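*Asks:* Everything below, folded, please.
(chains A and B)
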There are 2 protein chains.
Amino acid sequence: MEQFLSRRAASITPYQAGEQPQGRDIIKLNTNENPYPPSPKARAVLQNFGGERLRLYPKPDGGVLKNAVTEVYGFGEDHVFCGNGSDEVLGLAFQAFFDGNIVFPDITYSFYPVWADLYGISYKTVPLRDDFTVPVDELVGDGVVLANPNAPTGIALTLSDVERLLQNNADHVVIIDEAYASFGAGSVASLVPKYPNLLVVSTLSKSHALAGLRVAFAIGQPHLISGLVRIKDSFNSYPLDMIAQEASAAALRDTEYCAAISAKVVATRERTTQQLGELGFTVLPSKANFVFVTHPQVSAAALKAYLVEHGIYVRHFNKPRIYDYLRITMGTDEQMDALIKTAAEFVRSISC
Amino acid sequence: MEQFLSRRAASITPYQAGEQPQGRDIIKLNTNENPYPPSPKARAVLQNFGGERLRLYPKPDGGVLKNAVTEVYGFGEDHVFCGNGSDEVLGLAFQAFFDGNIVFPDITYSFYPVWADLYGISYKTVPLRDDFTVPVDELVGDGVVLANPNAPTGIALTLSDVERLLQNNADHVVIIDEAYASFGAGSVASLVPKYPNLLVVSTLSKSHALAGLRVAFAIGQPHLISGLVRIKDSFNSYPLDMIAQEASAAALRDTEYCAAISAKVVATRERTTQQLGELGFTVLPSKANFVFVTHPQVSAAALKAYLVEHGIYVRHFNKPRIYDYLRITMGTDEQMDALIKTAAEFVRSISC
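*Replies:* The predicted structure follows:
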């Protein structure tokens, strides 16, 4: 029945999302979800929503969410684009700004090559250095996309590194994918007024514990925002439902709550980094809500399997250069205690 | 700043959605929204949702909505695809099944040529007959998309006409876009087991009064569903948020409520058709929640402007063949009384 597929559908290799195991006792550290619930203010929006209004179309531009972004980031409405999760926003941005010959690191979010293939955009990958840092000056092309902090390494660039990247690619759009910026790296949105080629993409999935609501936004100068709108309005005019718009706006405005849960995640990360180090793991210096780890005596695939046997899910990528690494999302301190205990058992069993 | 746009973003002409005027006293008959609120069972889902779970990713395949579709339509899970409104589902289907040389009527949902252009899919349009019926046997190509009932005409094909269309295009996918099927035409999903080339696309926006929730689904044989999944997983793995999945599932299962509000809309349509006829309008025989009308003495653009002055919004398309027509969505009986009264004033002023 392949006869019915288009050439593009037949040829692409889709993105492989992390498993979504179900079950009460599972410790899920494999898809970078926040271990804490979303802001009580966002949850209150649901209770008070009513729902009669749902018979009407939502605001096509994200409505109150857009307003919330302008308030929190201090940009005008013409600098903000809202979408159905950062995957959608990034997919639209690839279509809006890239024709081909784009660049991104060899080790990064594995959706980038998928979008490039789907939209027929040629790309080259630039190898990260041996320590998995980004060789900024080698990222030059007809478009750049960079996760900062990078995934799955967790390593972040400095603001001045990002500026150099923007200057090195002044004639082409540079997308900075900031999914994990709230856990220590900070946003580079302050560079938007200075760089007409900068598009910053942010999501509420991790920082605001709203993966289940599918909300993200981009910030850039108006000519970039209107480019995104052109593609959106040629695909799906109303990507964000009313409830998602309003609940996410409440979450975004609750900056205090976001800072508090981010600080807890960061504290857990520092503690976990130290504990894994004591077990002999090498832990890359992470500014994200996960750590990327390897161990000289331990097979990552074997450790992952052992953890699954004990109800703990982490992410292993079956890819060159990182085959011996695991990406571990920060859970609650209690969940991380279980992770450390189980990993320690495995390491001990190997050493015997 | 056009320099930053991709060739596709620079060249496309986006879809133009109907205006979304705001205001308490406005009578909004321009975007085919349902005048009645969504099912109380869907609204109850919001109140009881809680929201702590939103920290986790939703089911990538639509979860409980998918289950509800299988129950209501009687197909297996491998026959159902869920998405963020029928625009998204249709946009993904164009990518999954069409390479070029597709066909659709000259007068139909004006998003079809936009998707074709965005994805580089060549198309030809087949003129509707003078009475705006579809010349079924002329719709032959390497892919077909047809709204049934058609928009903005409201005219529906019979089930046997749709079968002929499927047989005439047996080697290519035929998409039947059923956004308005609940208002009298009925679904052609019963043909799915017999035709491996049939994809039926349905939305809850109109029939279930959930335009604000952005939920739609497609039904087809498993090889077509897996084609859609391939494209979805190459664009945005999780298009439907948790709340949209669960509230729409409750609405879809409440078949009694949907039938009741659809019957009210149909009764209003029949009454409005008669009243507009008495004013001298020609009203196409509609099976949708709107009527498409013209008047021998009245300029559609002038009537539209007059209605707007009186706070009543209807849709006018600035296009060949239908420039003298207006599309009027069915509101409540009270709203339609106001429409009829205001239109009568205008017709009378012309005749004097």
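*Asks:* Check the secondary structure at the residue of the stretch 251-352 of chain A found nearest chain B for me.
*Replies:* When you check the stretch 251-352 of chain A against chain B by CB to the nearest CB, the closest residue turns out to be residue A:251, at 9.1 Å. For glycine as for every other residue, the C-beta is placed from the backbone atoms N, C-alpha and C. Per DSSP: H, G, I helix; E, B strand; the rest coil, the secondary structure class of residue A:251 is helix.
*Asks:* Not counting its neighbours along the chain, what's nearest it?
*Replies:* Distance criterion CB to CB, 6 or more residues apart in numbering or on different chains; nearest residue to residue A:251, sequence neighbours excluded, is residue A:42 at 3.9 Å.
*Asks:* What are the neighbouring residues in contact with that neighbour?
*Replies:* Shown in contact with residue A:42 (CB atoms under 8 Å, 6 or more residues apart in numbering or on different chains): A:208, A:210, A:247, A:248, A:250, A:251, A:254, B:51, B:54.
*Asks:* Likewise for residue A:220?
*Replies:* Counting by CB under 8 Å, 6+ apart, residue A:220 makes contact with A:79, A:81, A:192, A:198, A:199, A:200, A:228.
*Asks:* How many residues are close by the nearest residue to residue A:285 once chain neighbours are set aside?
*Replies:* Excluding its sequence neighbours, the residue lying closest to residue A:285 (CB to CB, 6+ apart) is residue A:155, at 6.3 Å. With neighbours defined by other CB atoms under 10 Å in any protein chain shown, the count for residue A:155 comes to 22.
*Asks:* thinking residue A:155 is in contact with residue A:134, fair?
*Replies:* Yes: applying CB atoms under 8 Å, one finds residue A:155 in contact with residue A:134, separated by 7.4 Å.
*Asks:* what helix or strand is residue A:294 on?
*Replies:* strand A:290-294 (DSSP states H and E).
*Asks:* helices or strands next to that strand in the packing?
*Replies:* The elements that strand A:290-294 packs onto, with contact taken as 3 or more CB pairs under 8 Å, 6 or more residues apart in numbering or on different chains; DSSP states H and E, are helix A:255-278, strand A:282-283, strand A:326-329.
*Asks:* deepest of these, which one?
*Replies:* Here the criterion is mean neighbour count by mean count of other CB atoms under 10 Å in any protein chain shown, and of those the winner is strand A:326-329, at a mean of 27.
*Asks:* Starting from that strand, tell me the next helix or strand along the chain.
*Replies:* Going down the chain from strand A:326-329, the next helix or strand is helix A:333-351, by DSSP H and E.
*Asks:* residues near the spatially closest residue to residue A:79 that is not a sequence neighbour, how many?
*Replies:* In space, not counting the residues next to it along the chain, residue A:79 is nearest to residue A:219; the distance is 5.6 Å by CB to CB, 6+ apart. Counted by other CB under 10 Å, the residues lying close to residue A:219 total 25.
*Asks:* for residue A:145, same thing?
*Replies:* When neighbours are defined as other CB under 10 Å, residue A:145 has 29 of them.
*Asks:* my read is it is in a strand, agree?
*Replies:* Yes: applying three-state DSSP, one finds residue A:145 inside a strand.
*Asks:* Using a markdown table, lay out the helices and strands packed on strand A:290-294 together with distance to chain B and mean pLDDT.
*Replies:* Below are these laid out as a markdown table (distance: least, CB to the nearest CB, whole Å; pLDDT from 0 to 100):
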| stretch | distance to chain B | mean pLDDT |
| --- | --- | --- |
| helix A:255-278 | 10 | 98 |
| strand A:282-283 | 24 | 98 |
| strand A:326-329 | 12 | 98 |
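*Asks:* okay, residue A:285: pLDDT?
*Replies:* In the prediction, the pLDDT value recorded for residue A:285 is 97.
*Asks:* now swap in the one 3 residues further on and tell me
*Replies:* For residue A:288, the pLDDT comes out at 98.
*Asks:* With residue A:96 instead?
*Replies:* According to the model, residue A:96 carries a pLDDT of 98.
*Asks:* How is it assigned, secondary-structure-wise?
*Replies:* What three-state DSSP gives for residue A:96 is helix.
*Asks:* ok, now residue A:34?
*Replies:* coil.
*Asks:* from what I can see it touches residue A:260, true?
*Replies:* No: applying CB under 8 Å, one finds residue A:34 not in contact with residue A:260, separated by 11.8 Å.
*Asks:* check contacts around the residue lying closest to residue A:85 once chain neighbours are set aside.
*Replies:* For residue A:85, ignoring the flanking residues on the chain, the nearest one in space by CB to CB, 6+ apart is residue A:214 at 4.3 Å. If you count contacts by CB under 8 Å, 6+ apart, residue A:214 has them with A:84, A:85, A:88, A:205, A:244, B:58, B:238, B:239, B:240, B:241.
*Asks:* residues from the stretch 151-300 of chain A in reach of chain B?
*Replies:* The stretch 151-300 of chain A has residues A:171-173, A:196-197, A:205, A:209-215, A:221, A:223-224, A:227, A:229-231, A:233-244, A:247 near chain B, with proximity defined as CB under 8 Å from any CB of the partner chain.
*Asks:* Out of these, which end up buried?
*Replies:* The neighbour-count test (16 or more other CB atoms under 10 Å in any protein chain shown) marks A:172-173, A:196-197, A:205, A:209-215, A:221, A:224, A:227, A:229-231, A:233-244, A:247 as buried among these.
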